[in-house]
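[1] I need the structure of the sequence given here:
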Amino acid sequence: MILRKINIPFQLIIILFLLNTALAFYATPVIDFGDAGTYIEFSKKLLGEKIELNLAHRSPLYSILLALIFKISAIPKAFFITVFLQYGLLFITSFLVF
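    From the prediction side, this is the model:
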């Protein structure tokens, strides 16, 4: 694989950062649709709660991140922090795709 130096304009970085921050403030956490509830349950299981679901087929990294957030903050605030985490990951993914 050939690595090349990529020059990303500083204005693009600022625009993407501001866009993702604005969207994170606007977004509502989704906790009961799709896979979100399953990852939340998996993170609770990692924290020691008794969950009767078989979650062996799930990727653990995102649930570990959620568990860390749940450990340091209360549940409603943790979902707000999670939205910022997701938009931060989207910001990083934008550069990886570029």
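[2] please, which helix or strand holds residue 93?
    According to DSSP states H and E, residue 93 maps onto helix 75-97.
[3] quick one: the residue sitting nearest the centre point of the chain and residue 52, what's the gap?
    With distances taken as Cα atoms, centre = their mean, residue 86 lies nearest the centre of the chain, 3.1 Å away. Residue 86 sits 27 Å away from residue 52, going by Cβ to Cβ, to the nearest Å. Where you see a C-beta, it was placed from the backbone N, CA and C, and this is true even at glycine.
[4] any weak-confidence spans in the protein?
    The chain contains residues with pLDDT under 70 at 1-6, 32.
[5] show me where it has its helices.
    10-26, 36-46, 60-72, 75-97 (DSSP state H).
[6] need the residues that contact the third one.
    Under the contact criterion Cβ atoms under 8 Å, 6 or more residues apart in numbering, helix 60-72 has outside partners 39, 40, 42, 43, 44, 46, 47, 55, 78, 81, 82, 85.
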